[in-house]
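J.: my questions are about this predicted structure, shown below with the sequence.
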Amino acid sequence: MIRAGRLKYAQTMADLAAQLGMPLGTFRNKKPHTQKGHPAPISSPTSRALLWDSEQTAAFHAGKPVPALPKADADEDLLDRHEAAAELGVSAASWNKYKSDPKLTEHVVLVPAGDGGTEHWPRRVVREFKTSRPGRGAGGGRRVGSGDMIPRDEILPRIAELLDDNPAITLTEVADTLGIAKFPTAQAGLAQLRGRRIADLIEVDPDLPPLEAAERLGYPTATRRGAAAIAAAELQTRQARPYPQQVADALAAAGVADPIQIELRRLGDEHLAAALPLTAGQTWPALVWDERYGWRTATSRRHPIGKDTGSAPEGEGIRYLASGIRPEPAEVLEALASAEEAER
């Protein structure tokens, strides 16, 4: 979160790269922010757009002591959507529905300012909304005991801790320990984490069979095939991610796209696609990369990928850029410029 009074110090990845005199793509490759002792991001761990406190990073790179940030929560702390959801006690998906309420929209703060900024809300506003929203008694929402008892964003990290202590932990033990639903919450979270850890092992040893990796990790026999299937999907995603990220970094460096960490979405449980928000002033709000069809423009910033119909999307506002499935970043940038010129 951005602590009260420190909005002016909020620093994006692009800002940090510029501070170091480094192109954004080079910054992503070298990852200087992961070196020992570097100040941690002030954004939530699950945020797509990382933020830092510029006073902290400047001190670190100057070899000076890193100043500590306030630890006590304050009414004017700025929370991103994950933190706001946790404050409200709901999932991030539920927060996406609540945030359109006028009580919240009139107080939203974009960081950095502008259409490409990440939405934040003052803690005071979120608390006031929590008190006033419809439901049973103060705070509204679901009756205690009617569902998961911890915020959605905390579920996977908490399950991961249990899995660290006991690789053979059961769904019932996870559900009872954390106070979450056995199906689908505990089941889905446990399977996802086991799949990711199998994928981690296979990345180190590509010749390692998935079922053998599951056995090595100590997973129960009945869970191994399901976790192995998730691992295969995870590896496919990891292998595909560098290409759209490379294009995203190039377009961000050119000033036409927001600097983000690409998230790949699985369509029809088989194909991958990624969305890239464009900066304000561009003809289209976003671009989409689909591993079947390549790059295209999108007409929506909020839902750029849309529903998968099994065929290449067509219609007003959709234009395919460059040629092939994986054109070079320069080709995508040139094709976007040409498409925008044609629209004028």
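T.: Done, it's in.

J.: name the residue closest to the centre of this structure, please.
T.: Against the mean C-alpha coordinate of the chain, by CA atoms, centre = their mean, the closest residue is Arg48 at 3.6 Å.

J.: quick check: that residue touching Glu263?
T.: Yes: using CB atoms under 8 Å, Arg48 is in contact with Glu263, at 6.3 Å. Just so you know, the C-beta spots here come from the backbone N, C-alpha and C atoms, and that holds for glycine as well.

J.: follow-up on the earlier one: contacting residues around the residue nearest to the centre of the chain?
T.: Arg48 makes contacts with Thr118, Ile260, Gln261, Glu263, as judged by CB atoms under 8 Å, 6 or more residues apart in numbering.

J.: Serialize those to CSV and add fields for neighbour count, pLDDT and secondary structure.
T.: Formatted as CSV, these follow (neighbours: other CB atoms under 10 Å; pLDDT from 0 to 100; DSSP: H, G, I helix; E, B strand; the rest coil):
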residue, neighbour count, pLDDT, secondary structure
Thr118, 21, 86, strand
Ile260, 21, 90, coil
Gln261, 14, 88, coil
Glu263, 11, 91, coil
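
J.: what's the average pLDDT for stretch 322-342?
T.: For stretch 322-342, mean pLDDT is 94.

J.: list phi and psi for Ala85.
T.: Phi and psi for Ala85, reported as degrees, to the nearest 10, are phi -60, psi -40.

J.: quick one on the thing from earlier: spatially, which two of the contacts of Arg48 are the most separated?
T.: Checking these against each other with CB to CB, the farthest-apart pair comes out as Thr118 and Glu263, at 13.9 Å.

J.: what does the helix or strand Ile198 falls within rub up against?
T.: Assigned by DSSP states H and E, Ile198 belongs to helix 187-204. Outside helix 187-204, the residues that touch it by CB under 8 Å, 6+ apart are 155-156, 159-160, 163, 169, 171, 174, 208, 210, 213-214, 216-217, 219, 223, 226-231, 233-235, 238.

J.: now do the helix or strand just after it: which elements does it pack against?
T.: For helix 187-204, the succeeding helix or strand toward the C-terminus, using DSSP H and E, is helix 210-216. Judged by 3 or more CB pairs under 8 Å, 6 or more residues apart in numbering; DSSP states H and E, helix 210-216 is in contact with helix 187-204, helix 221-240.

J.: quick check: buried residues in helix 210-216?
T.: Pro210, Leu211, Glu212, Ala213, Ala214 (16 or more other CB atoms under 10 Å).

J.: quick one: mean pLDDT over it.
T.: Averaging pLDDT residue by residue across helix 210-216 gives 95.

J.: how far off centre is that helix?
T.: Per CA atoms, centre = their mean, to the nearest Å, the displacement of helix 210-216 from the mean C-alpha position of its chain is 28 Å.

J.: stretch 40-60 now?
T.: 15 Å.

J.: distance between the ends of it?
T.: Start-to-end span of stretch 40-60 (CA to CA, to the nearest Å) is 11 Å.

J.: now swap in stretch 72-84 and tell me
T.: Terminal residues of stretch 72-84 are spaced 16 Å apart (CA to CA).

J.: where do the helices sit along the stretch 1-150 of the chain?
T.: Counting by DSSP state H, counting those that start in this stretch, the stretch 1-150 of the chain has helices at residues 13-19, 24-30, 54-61, 81-88, 92-98, 102-105, 123-132.

J.: could I get those helices as CSV with distance to Ala253, mean pLDDT and mean neighbour count?
T.: Shown next, in CSV, are the helices of the stretch 1-150 of the chain (distance: least, CB to CB, whole Å; pLDDT from 0 to 100; neighbours: other CB atoms under 10 Å):
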stretch, distance to Ala253, mean pLDDT, mean neighbour count
helix 13-19, 8, 91, 19
helix 24-30, 5, 85, 17
helix 54-61, 20, 96, 18
helix 81-88, 26, 86, 22
helix 92-98, 29, 76, 16
helix 102-105, 32, 89, 13
helix 123-132, 34, 90, 17
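
J.: turn these into CSV, including distance to Thr283.
T.: As requested, these are exported to CSV (distance: least, CB to CB, whole Å):
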stretch, distance to Thr283
helix 13-19, 22
helix 24-30, 23
helix 54-61, 33
helix 81-88, 27
helix 92-98, 26
helix 102-105, 26
helix 123-132, 34
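
J.: among those, which is nearest Ala274?
T.: Nearest to Ala274, of all these, is helix 24-30, at 15.0 Å by CB to CB.

J.: which strands and helices lie in contact with the closest one?
T.: Here helix 24-30 touches helix 13-19, helix 242-253, going by 3+ CB pairs under 8 Å, 6+ apart.

J.: what does it contact?
T.: 13-14, 16-17, 20, 22, 33, 245-246, 249-250, 252-253, 259.

J.: one more time with 6 Å
T.: With contact meaning CB atoms under 6 Å, 6 or more residues apart in numbering, helix 24-30 is reached by Ala14, Ala17, Asp249, Ala252, Ala253, Pro259.
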